[in-house]
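Chemist: Here is the input, now give the coordinates:
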Amino acid sequence: MKKKLKIFLLSLFLLPFTSFSQTLEWAYKIGGSYHDQTLDIVKDSLGNIYLTGGICNTVNFNPNGAPYMVNATGTDNSDVFVAKYNKDFELLWAFAIGSSSWEVGAVLLVDDSLNVFVIGEGYGAIDFDPTSGIHIFDCSPTNSFIAKYNKDGAFLAVNPIPKIPIYPPNVNIYMDVEKNFFVYSNDTLSKFDPALQLIWKKSIAGNPELINGRNFYSVRNFTTPFYSSYSGPDSLILNKYDHSNGNLICSKHYAFSSGFISGGYIKKTRSDKLIISGSFWGDMSFFGNNDTITVHNADMGSSPYGPYPLQREFIAMYDTMHNIIWAKAYDATSPEPYLIETGDSGFIYTLGFLNFDANFDPDGSQILTNGGYGNYIAKYDSNFVYQAAAKFLGGSYNDFIGEFKLYGDTAVMCGHFFNTIDLDLTASNYSLSATPPEDIFVAKYSGFNIVTNLPVAIDMQVDGLNASVFPNPSEGIFYLHLNPATTNALISVSDLSGTVIHTEKTDMADVCINLSSYPAAVYILRIISGNSITSKKIIKIN
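Modeler: This next block holds a predicted model:
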């Protein structure tokens, strides 16, 4: 009992005390009998809300009023859907388009006339007219499209685009100062006129951002999170392109790592600065016009097969004159964001999975602990100084934030989930329960602002024990190897509900943990020694 109490008290010291001043205006689920998901959400100038994603079978798109059923093509096959709601989430219209294949809508854009542009997957011949009319368009061979509808959901135009990876969508859509539209997909930038007639296509890597509605900026070797275009010693090169013809204007050497760089995320801020993030190992230097900032990572893991480099996440900001504003690196338990959003006042929000423990402060220690799977939102100021972080949604590894966007002090968020999730970021809760296997969630917050009270905490070093576990997965016997200098290590194993099933204290470098009598599942192994803590996922199989 004393051992369990010590773990509990330590976890209290580790948790930041965070309060939230926003109001959850509404939250709803949308779904039917099979897999339903949403990947993008947009709010227009009148406050209307738009969604796109994929639905299967029959789905009610009006959870806030009289049922409005939309049918997908075939059985247990996903169709692209587009839906429009007013500011109170009362349905204005909704439709689905697709074939007998699995298809999902990925990205939305709403122009000044409230025309709706949707990018998605489409296989073969599809009727893109959701009304009684017919407009058959063959999406082969790329199986990807951009379509245009007016403010009432009436079909206007459709055109093919280069194929898009959909999980998550590696695609973007932009509008320039001349009201032309651009689509980035499959390392290709395509320019369309307002009627969706193709003007040109150019090979441009790095998921570019459109700055000031005129020039595209991209960083070579970078795509979106989950996609790594390169892993090896290399430089990051920023390219600037002319929006009128897609021609390269200039290139700039941005960074170099003595080890390797992989993955990445590119995001422009509201003040048209460029945020880049990814993972690295070695010494990584970021170059500005007159400054250089270097971050370091020499972390090595150990395994029965020998040592291996451990990646760390970095994040940096540049302006359009190529000045480096700041660059930072997380420690070995970085939160690994897959969404970044910025506010009008310069605050930066990151969102992603929170699996077990993560330190959200690249300048110190602000640890958020989760007993298993979940999601988080974190807030930083314009210099990426930590402000707050909190976990939310549920405990399923399949709970996924499709998109989070800020419009002034109003935030909208969508995604899909299993089981039960909590969308209220205050001390209370607002829970939605999915109909198996997967439903859509959508939420709107007003006065969105995360306020933090700094924790009265002891300083803990995350992942400072250099621990390794093998075999993993295992049929029940796990061998834990600790740094020989580790003393008085407190070891615990818990299931994903947080129930502790095993505790022990040891001064040994090698420990055998026997879970043979427990069911096959994912468990959390946590080791605490002195001012260091390490958490690892272990998997027991039959």
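
Chemist: Going by C-alpha atoms from here, please, whenever you check contacts or count neighbours.
Modeler: Will do.

Chemist: what about Thr350, helix or strand, and which?
Modeler: strand 348-353 (DSSP states H and E).

Chemist: can you pull the contacts of Asp344?
Modeler: If you count contacts by CA atoms under 8 Å, 6 or more residues apart in numbering, Asp344 has them with Arg270, Ser271, Gly408.

Chemist: got the phi/psi numbers for the second one?
Modeler: Summarising the backbone geometry of Ser271 under the convention degrees, to the nearest 10, its torsions are phi -100, psi 20.

Chemist: confidence score at it?
Modeler: For Ser271, the pLDDT comes out at 91.

Chemist: list the contacts for it?
Modeler: Going by CA under 8 Å, 6+ apart, the list of residues near Ser271 reads Asp344, Gly346.

Chemist: what does stretch 188-206 contact?
Modeler: Under CA under 8 Å, 6+ apart, the answer for stretch 188-206 is 147-148, 157-159, 161-162, 179-184, 187, 218-223, 245-246.

Chemist: Report the central residue of the chain.
Modeler: A centroid search over the chain (CA atoms, centre = their mean) returns Tyr338, at 2.8 Å, as the residue closest to the centre.

Chemist: quick one: that residue and Gly352 touch, right?
Modeler: Yes: Tyr338 is within contact range of Gly352, at 5.2 Å (criterion: CA atoms under 8 Å).

Chemist: before we move on, back to that, look at the residue nearest to the centre of the chain and report its pLDDT.
Modeler: Reported pLDDT for Tyr338: 85.

Chemist: And it, how far from Phe117?
Modeler: 24 Å (CA to CA, to the nearest Å).

Chemist: cool, Ile340 as well?
Modeler: 22 Å.

Chemist: ok so, going back, quick one: which of the contacts of Asp344 is nearest His481?
Modeler: Arg270 (47.4 Å; CA to CA).

Chemist: The closest one contacts Gly343, correct?
Modeler: Yes: the pair Arg270 / Gly343 is scored as a contact, 6.7 Å apart, by CA under 8 Å.

Chemist: Let me see the ranges of the helices in this protein.
Modeler: For the chain, helices defined by DSSP state H occupy the ranges 2-14.

Chemist: So it: which segments form each domain?
Modeler: Split into domains by automatic domain parsing, the chain comes to 21-450, 464-540.

Chemist: among those, which is the most enclosed?
Modeler: domain 21-450 (a mean of 19; mean count of other CA atoms under 10 Å).

Chemist: chain center to that one, what's the gap?
Modeler: Between the centre of domain 21-450 and the centre of its chain there are 7 Å (CA atoms, centre = their mean, to the nearest Å).

Chemist: I'd like the average pLDDT over the longest strand seen in the chain.
Modeler: The residue-count maximum for a strand in the chain (DSSP state E) belongs to strand 248-268. The pLDDT scores in strand 248-268 average 86.

Chemist: helices or strands next to it in the packing?
Modeler: strand 209-211, strand 232-242, strand 274-287 (3 or more CA pairs under 8 Å, 6 or more residues apart in numbering; DSSP states H and E).

Chemist: now that strand against strand 274-287, angle please.
Modeler: 110 degrees (axes from the mean of the first three to the mean of the last three CA atoms, to 10 degrees).

Chemist: OK, contacts around the closest residue to Ile136 other than its chain neighbours?
Modeler: Computed as CA to CA, 6 or more residues apart in numbering, the closest residue to Ile136 that is not its neighbour in sequence is Asp127, at 4.3 Å. Counting by CA under 8 Å, 6+ apart, Asp127 makes contact with Ile97, Gly98, Ile134, His135, Ile136, Phe137.

Chemist: Which of those fall in strands?
Modeler: Ile97, Ile136, Phe137.

Chemist: how far away is the residue nearest to the centre of the chain from Ile377?
Modeler: Taken as CA to CA, the span from Tyr338 to Ile377 is 11 Å.

Chemist: which residues are common contacts for these two?
Modeler: With CA under 8 Å, 6+ apart, Tyr338 and Ile377 have common neighbours Thr350, Leu351, Gly352.

Chemist: of those residues, the lowest pLDDT goes to which?
Modeler: Lowest pLDDT among those: Gly352, 87.

Chemist: coming back round to it: any chance of the shared contacts of Tyr338 and Ile377 in CSV with distance to Met317 as columns?
Modeler: As requested, the shared contacts of Tyr338 and Ile377 are arranged in CSV below (distance: CA to CA, whole Å):
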residue, distance to Met317
Thr350, 14
Leu351, 18
Gly352, 20
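
Chemist: And those residues, which is closest to Ala390?
Modeler: Nearest member of the shared contacts of Tyr338 and Ile377 to Ala390, counting by CA to CA, is Leu351, at 9.8 Å.

Chemist: Quick check: chain neighbours aside, which residue is closest to that closest one?
Modeler: Nearest residue to Leu351, sequence neighbours excluded (CA to CA, 6+ apart): Ile377, at 4.6 Å.

Chemist: And the one you found, what's its pLDDT?
Modeler: 90.

Chemist: So it versus Gly408, what's the distance?
Modeler: In terms of CA to CA, Ile377 sits 18 Å off from Gly408.

Chemist: can you pull the contacts of Leu490?
Modeler: When contacts are counted by CA under 8 Å, 6+ apart, Leu490 is found next to Lys3, Thr503, Glu504, Lys505, Thr506, Ile527, Ile528, Ser529.

Chemist: May I see those organised as TSV, with distance to Tyr85 added?
Modeler: Below are the contacts of Leu490 laid out as TSV (distance: CA to CA, whole Å):
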residue	distance to Tyr85
Lys3	52
Thr503	51
Glu504	55
Lys505	56
Thr506	58
Ile527	49
Ile528	50
Ser529	53
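
Chemist: Where does confidence bottom out across those?
Modeler: Out of those, that is Lys3, at 38.

Chemist: quick one, what contacts the residue nearest to Leu515 when sequence neighbours are not counted?
Modeler: In this structure, Leu515 finds its nearest non-sequential neighbour in Gly476, 4.6 Å apart by CA to CA, 6+ apart. Contacts of Gly476 were listed using CA under 8 Å, 6+ apart, and they are Asn514, Leu515, Ser516, Ser517, Tyr518, Lys540, Ile541.

Chemist: So the last one sits against Ile477, correct?
Modeler: No: with contact defined as CA under 8 Å, Ile541 does not count as touching Ile477 (10.4 Å).

Chemist: Return the distance of the residue nearest to Ile136 relative to Asn297.
Modeler: According to CA to CA, Asp127 stands 53 Å off from Asn297.

Chemist: cool, Asp76 as well?
Modeler: Counting by CA to CA, the gap from Asp76 to Asn297 is 47 Å.

Chemist: Over to Ala329?
Modeler: Ala329 is 8 Å from Asn297, by CA to CA.

Chemist: which residues do these two both contact?
Modeler: Contacts common to Ala329 and Asn297, judged by CA under 8 Å, 6+ apart, are Arg312.

Chemist: Now Gly133, what are its backbone angles?
Modeler: phi -80, psi 180.

Chemist: where are the low-confidence patches of the stretch 51-200 of the chain?
Modeler: For the stretch 51-200 of the chain, the stretches with pLDDT under 70 are 166-169.
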